[in-house]
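S.K.: What follows is a predicted structure for the sequence shown.
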Amino acid sequence: MKSKNSFTQCLSPHQLIELDACTQCGECLRYCPVQEVTGNPSISPPEKIRMFREFIKATSGLRASLFGPRDIDRKLLEDFVKAVYECTACGACGQHCTVGIFTQRLWPMLRREMVRRGLGPLGPQANLSKIIAKTGNPYDKPADERFSPWFPESVRVSEKADIGYYAGCTSAYEAQPMVKGDVVVLGAAKEPFTMLPPEEEVCCGFPLFITGQHDMLEDLTKRLVNAYEARGVKVLICSCPCCVNIMARDWPIFYGQELPFKIRHISQFAADALQKGRLTIKGELNERLIYHDPCYLSRGVGIIEEPRMILRSIPGVHLLEFERHGLDSRCCGAGGAARKVFHENAIAIGRLTIDEAVEKKADRLVINCPACYAKMHEAMQGHDKQIRITDIMELLGSLAGGGTS
Amino acid sequence: MGTRELGIALAACMYIAYIAFVGKIVMRLLTLRNTSPPFDGGTVSEITPMTVLKAMGDIFFFSRLFRVNPRLWFGEFFFHFTFSLVLLRHLKYVMDPVPVWVSALQTPGLCAGYLLPLSLLFIVITKLGIERKEYVSSYNFSLLGLLFLISATGLLIKTVIRLDLVSIKHFMLSVFRFAPGVPSDNGVFVLHYLMAMILLACLPTHIYAAPFSVTEARKREERLSLLMHEK
């Protein structure tokens, strides 16, 4: 019989074993963006695991089984909740974990356990469910502002098409140049694509998933999947790495079966269109560009080469790399929905990336994620180092034209 | 020689240590009942012989640690390697007759016994002296200290005190046969033995969990490129 008091309710057997696997070596701290800006080991990955192990031991250990569960120290529980929600869930710790713990997946599940116990999420995160239920998006914005008045009039959106495009809430409300770039590129490739009307294009569920609030996820997934299926979509394209991540990894679970379409990132579409000549680049750009890998695109779903291929195909571009790039990339600070609660951390982390880009004498910082886009712009405000920030599709859209084939 | 009472007490310590060690694993297996179905979106995949081979390399050569910290890898690898050899060498005290392979490991095991404390010192110096880690696990350092004392007392027994190893073997066999005999009452031996039992009871959980997580990581990494790309 399952014990409701157990702290392992939201974990898979695999994740329970991962908790046991942690050697507390502390090597991951060198890669944790929150550690970089706070220097506080008490909120570090091994400490979170140590604390959670204590909870499991107190409720499910040998002594608890023989003599009954122990009360958990309230302070330890509070410390844990803060630590697990201060995390950006970027997964850099797991990428460098000496025993291979999949932390990008583990932290959201530990948060889910805190939600189950009524201890999380924190601050504004706690209103996400209500807001999404009311407006369809986590920004509490009306649906009719989702694509207007800025959506490019020149771009034609089909009623039905093999390709579906999902803009995503953060892109639509906080990083409109990304959506403009996306649809301009789709249009330039002369590829018919369809979109859902703004009131139907609801949240993909990622903000709820990452904060451990799973109640609405099945409903949101089914609404979106059924709506795209009804429009004949065979490939669903999106530019937001967080949306792409939950779509590719978790939608099949919430949908209950394999999705009726493939999920692809916009950079995959654009790289393919460039390679096959459906998209050409007109003009050149004599600039030193530096590309920031979004955590949930590189570590999350393995999209690393396509954005670089796109940038390298622009004549005149000299592409630079951050010290930590690809699978090892550093979080922009916006991850894990922590930016709304631990704002100062997010800004400080964002500035680390800006500083490195400036030190490497890049002319432009190229972004590929709406959360990174919004956070980096915010981090630049009042900062002594400045750099031009552009979304990759915004850049490509400004240079691209239709191909001949 | 000590007394029969001492023998019973030391034997009891071993039984308790084994119960604690096995009990922890059993409890963990029971705790699995309270978990949810796998929610490892997009990571479930078939395991191929090549994946197993690579994972074995990760497990036995600590290649993930090598990637992030080659200096610490050197210390950890030599610690685990020498510790394993010393453990295997100790099998001669609980096996009768002693298999040929255990006999063959006596000299390498002895050499490992000398290197073991050095590897532990290397780890401590690396973490605290050279890299000046801000995060230090008190549990890990307690274990390192315990291991250092166990290895130091073991070396003392081997090189300075020179106990009657035949009588020690008789005692160890008697403990394993649940008929404790009379042990040596040498203080260093008793300390060495008791510390080894404490270590057994407190063995870190990663010894059984890490091989699994490392194998899963290898599977996950191989699956990552297929998540959004055609085969």
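M.R.: Yep, it's here.
S.K.: what ranges of chain A fall below the confidence cut-off?
M.R.: A:1-4, A:401-405 (pLDDT under 70).
S.K.: Break it into its domains for me.
M.R.: Here the domain parsing of chain A from automatic domain parsing is A:13-120, A:124-271, A:281-402.
S.K.: of these, which approaches chain B most closely?
M.R.: Closest approach to chain B among these (C-beta to the nearest C-beta): domain A:13-120, 2.5 Å. (Each C-beta comes from the backbone N, C-alpha and C, glycine too.)
S.K.: Next, see if the closest one gets close to chain B.
M.R.: Yes: using C-beta under 8 Å from any C-beta of the partner chain, domain A:13-120 reaches chain B at A:13-27, A:29-30, A:39, A:41, A:44, A:46-47, A:50, A:56, A:60-62, A:65, A:96-102, A:105, A:109.
S.K.: could I get the domains of chain A as a markdown table with distance to B:V98 and mean neighbour count?
M.R.: Output for the domains of chain A, formatted as a markdown table (distance: least, C-beta to C-beta, whole Å; neighbours: other C-beta atoms under 10 Å in any protein chain shown):
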| stretch | distance to B:V98 | mean neighbour count |
| --- | --- | --- |
| domain A:13-120 | 33 | 21 |
| domain A:124-271 | 53 | 20 |
| domain A:281-402 | 49 | 21 |
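S.K.: Make TSV out of the ones you listed and add distance to B:G129.
M.R.: Converted to TSV, the domains of chain A look like this (distance: least, C-beta to C-beta, whole Å):
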stretch	distance to B:G129
domain A:13-120	15
domain A:124-271	39
domain A:281-402	26
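S.K.: Below-threshold pLDDT in chain B: ranges please.
M.R.: Within chain B, the segments meeting pLDDT under 70 span B:1, B:38-45.
S.K.: Give me the most central residue, chain A.
M.R.: A:C242 (2.9 Å; C-alpha atoms, centre = their mean).
S.K.: can I assume A:A133 is in contact with A:D215?
M.R.: No: applying C-beta atoms under 8 Å as the test, A:A133 and A:D215 come out as separate, 9.7 Å apart.
S.K.: Help me confirm that A:G164 is found in a strand?
M.R.: Yes: looking at A:G164 with DSSP: H, G, I helix; E, B strand; the rest coil, it is inside a strand.
S.K.: Tell me which helix or strand the nearest residue in space to it that is not next to it in sequence sits in.
M.R.: In space, and not counting its chain neighbours, A:G164 is closest to A:V233: 3.5 Å by C-beta to C-beta, 6 or more residues apart in numbering or on different chains. Following DSSP states H and E, there is no helix or strand that holds A:V233.
S.K.: who's in contact with A:V233?
M.R.: When contacts are counted by C-beta atoms under 8 Å, 6 or more residues apart in numbering or on different chains, A:V233 touches A:A161, A:D162, A:I163, A:G164, A:T194, A:P260, A:F261.
S.K.: switch to 10 Å and redo it
M.R.: Taking C-beta atoms under 10 Å, 6 or more residues apart in numbering or on different chains, we find A:V233 in contact with A:160-166, A:193-194, A:196, A:225, A:227, A:259-262.
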